[in-house]
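> Coordinates only, no sequence provided:
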């Protein structure tokens, strides 16, 4: 390509106490290029982005912007230079309108003329196919629309390098398609895009070039369209980690869990209510629930775990009604739960791993006559650590001291070792490194093969299609039909995630 | 410029150094205070901290004052570990004293070993009853326990005042607001002959040991810890917050009730309006000073008992106001809470703006 160099990083080093987050990274982004930055969690992607955006100062190395060496000392300076960034967690005020939110990020002289600003917002959003009404309050916007606000906010400031940190993790497949159209259009007009992701298929379809990071170093550059996803994954995780492949489905047995017309009205005005959720789960199968975050996944999990009592509907586990039972009573019947939040729900942060075993596994002979049997607790805890390869300093390390992936392996292991009949797991591999994710998937499959029923709630569609025999989606607290994975297209699932399953219910009602 | 910065790991040294530091700062402040008031600070501090415990009688008196503090603190430890902010030990204590007195007054002429246990149990039950009101208000009506327990303290005090001015008033007491003297059978035996130290201290030490066992060995203690540290994890595990709140309140009510009963059946031997110099409130300081730990609260209750005795001696020896006890207790709690901040935070000298710490800058930017 002959295009001019927009950004060049040379030998960027950034060191934290005890960890070299960036260890001599070189990166080149050309004008009008969509450049992927790939890597596992902890590979140093976020640190590098923060260096570029002026949030962090590198310890060593040089940054060239349009060919000139620069020192970016603050995000304000980065924005003035034409670098815009959309963080994974949006920084929008829900009680303000779109225009007001955008005005907040602008210099005072630009923000003053509200009428002109609204006009510019409309112009920019229409030109790039991102319908957005400047007068709407952010609290009324969907996650996808909020992301548009963030992007428009960058574009309005004449950004020539747009950094997007895992932008698709919160979107439905349809929204992803729209976003990609916008990004391609932007690139064609000369804007460079740095696209951070660990979803390989997306990167392959969107990005011109890719830089892969591993343990703070560049492990490779490639043209993603020309290489396979497995090749890229290999660059990300190195040679010593197995990369899982599609799991053959087992033959499901009898119905274990039957949920009929579950309804629950949320007490929180911003919460999601469950409406008429019905599903059944066979022994030895994994059923997946897709959905955009905040559409009732957590409420469904709590209804199954017993943390909330539903207003209406029945739940039968192996023919026994469990709707009125408390979480520990359900656990005694073989219900195991892996909640979305590891720290602060699945585990008490400041307690040791051994004590955290006691949190849910007290029924495994760890407590006798009201007294804790510490030898048994430690033994159980060591067993989990050993069998599930949890990297830690023994069973006395606090839950807080473990990395996300290792703590998740511990929590899954804690539940799996109790031989549950039903396991409900929410986002088990979210924010987990590839190696741990493979281990977690293997654990789930092993449980399934031993005859357990697993309900897998996840936003990662690859994971769902890989593991589940049937998949459905939640939207606004309602559950779509559960369709066999083999016959389900990703477009169909995306439609369900957006709530379009009224007609489908008739189709699958008989099934 | 000084900058208060969150530590990445809580300081375990500071957790135990903080009470010591608080005590040192209290003594230093006391020293300055005596100076400002024109009193001899060395003599003042000696009278306050040393004189009270310079002989056996003094030590026995210290134990006498420790007993109710330790009992109340043991119960409050159970509450505070579970983050049930029960401020009502004073009320439980007063109700315990009242309940024990009502029964004891009926049994003035009775004899037999059963009398004392009956009287004590009456006190325990009365304290539990008082705690049950706050527990019910919290678990069923979501009333803040801090407010309800404080208000119940005043109701308890007024009930007690009503009793000594009315139904329980000694008809031959020359109009003084006090009950008749209790019968011999309902008085606690002395621990050391010739002193006023009675069995109450043994109850207190026993309660502290029980608290230690509860949290070190039992599953319900573990559940209380989980509820206190992480309510959502407790809900996830199915440790019923409501049940544990009741448990904590019942233990708090029972121990403080026993403390009240021991006080009227011990050194006083009758019900009087000023049965408590604020033991229930001081016990709160004991719990925090003692780090919610059995050994800690034993040491802390001894120290706080000393402030009561030191205050009395200063009244007599140096003609100082009675408020001196409250003042020293207040200073101690104030300094403790201040020093506790350094368990989670540390002070840094802020460097010139150019070299601002990357982490702080990152946090600031992420929020912006």
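Yep, that arrived. Owing to the predicted nature of the structure, the values given are computational and were not obtained by experimental measurement.
> Need the residue closest to the centroid of chain A.
Nearest residue to the geometric centre of chain A (Cα atoms, centre = their mean): residue A:430, 4.8 Å.
> measure it to residue B:239 for me?
Separation of residue A:430 from residue B:239 (Cβ to Cβ, to the nearest Å): 26 Å. Where C-beta positions appear, they are placed from N, C-alpha and C, glycine not excepted.
> now residue B:2
Distance of residue B:2 to residue B:239, given as Cβ to Cβ: 42 Å.
> For the two, work out which one has more neighbours and name it.
Between residue B:2 and residue B:239, counted using other Cβ atoms under 10 Å in any protein chain shown, residue B:239 has the larger neighbour count: 25 against 8.
> Find the nearest non-adjacent residue to that one, please.
Of all residues not flanking residue B:239 in the chain, residue B:223 sits nearest, at 4.3 Å (Cβ to Cβ, 6 or more residues apart in numbering or on different chains).
> ok, that neighbour to residue B:128 distance?
20 Å.
> Residue B:25: how many residues sit nearby?
Neighbour number of residue B:25 under other Cβ under 10 Å is 17.
> my guess is it meets residue B:335, correct?
Yes: here residue B:25 lies in contact with residue B:335, judged by Cβ atoms under 8 Å, at a distance of 4.4 Å.
> can you give me the helices for the stretch 151-300 of chain B?
B:200-217, B:219-229, B:231-237, B:241-263, B:279-289, B:294-317 (DSSP state H, counting those that start in this stretch).
> does any bit of the third one sit next to chain A?
Yes: Helix B:231-237 comes into contact with chain A when judged by Cβ under 8 Å from any Cβ of the partner chain, the residues involved being B:232-233, B:235-237.
> one step back: rebuild the helices of the stretch 151-300 of chain B as TSV, extending it with mean neighbour count.
Listed next are the helices of the stretch 151-300 of chain B as TSV, based on neighbours: other Cβ atoms under 10 Å in any protein chain shown:
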stretch	mean neighbour count
helix B:200-217	19
helix B:219-229	22
helix B:231-237	22
helix B:241-263	27
helix B:279-289	26
helix B:294-317	21
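> Turn these into TSV, including mean pLDDT.
What follows is those, written out as TSV (pLDDT from 0 to 100):
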stretch	mean pLDDT
helix B:200-217	95
helix B:219-229	95
helix B:231-237	91
helix B:241-263	96
helix B:279-289	94
helix B:294-317	91
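> of all these, which lies closest to residue A:481?
helix B:231-237 (29.3 Å; Cβ to Cβ).
> can you give me the strands for the stretch 251-400 of chain A?
A:255-264, A:274-282, A:286-290, A:312-317, A:320-321, A:335-338, A:367-368, A:371-372 (DSSP state E, counting those that start in this stretch).
> cool, and the stretch 1-150 of chain B?
B:2-6.
> Which parts of it are helices?
So, for the stretch 1-150 of chain B - with DSSP H, counting those that start in this stretch - the helices run B:12-36, B:41-45, B:56-81, B:89-106, B:115-141, B:145-165.
> Give me whichever of those is most buried.
helix B:89-106 (a mean of 30; mean count of other Cβ atoms under 10 Å in any protein chain shown).
> on contacts alone, who are the packing partners of it?
helix B:56-81, helix B:115-141, helix B:145-165, helix B:241-263, helix B:279-289 (3 or more Cβ pairs under 8 Å, 6 or more residues apart in numbering or on different chains; DSSP states H and E).
> Could you dump these into TSV with distance to chain A added?
Output for those, formatted as TSV (distance: least, Cβ to the nearest Cβ, whole Å):
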stretch	distance to chain A
helix B:56-81	13
helix B:115-141	15
helix B:145-165	21
helix B:241-263	10
helix B:279-289	18
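> Looking at these, spot the one closest to residue B:19.
Closest of the helices and strands packed on helix B:89-106 to residue B:19 is helix B:279-289, at 5.1 Å (criterion: Cβ to Cβ).
> For that closest one, what is the distance to the chain centroid?
3 Å (Cα atoms, centre = their mean, to the nearest Å).
> outside of it, which residues touch it?
Residues outside helix B:279-289 that contact it (Cβ atoms under 8 Å, 6 or more residues apart in numbering or on different chains): B:19, B:22, B:68-70, B:72-73, B:76-77, B:80, B:87-94, B:153, B:256, B:259, B:263, B:296-297, B:300-301, B:303-304, B:307-308, B:329, B:332-333, B:336-337, B:340.
> tell me the angle it makes with helix B:89-106.
140 degrees (axes from the mean of the first three to the mean of the last three Cα atoms, to 10 degrees).
> that older thread, check the gap between the residue nearest to residue B:239 and residue A:351 for me.
From residue B:223 to residue A:351 the distance is 12 Å (Cβ to Cβ).
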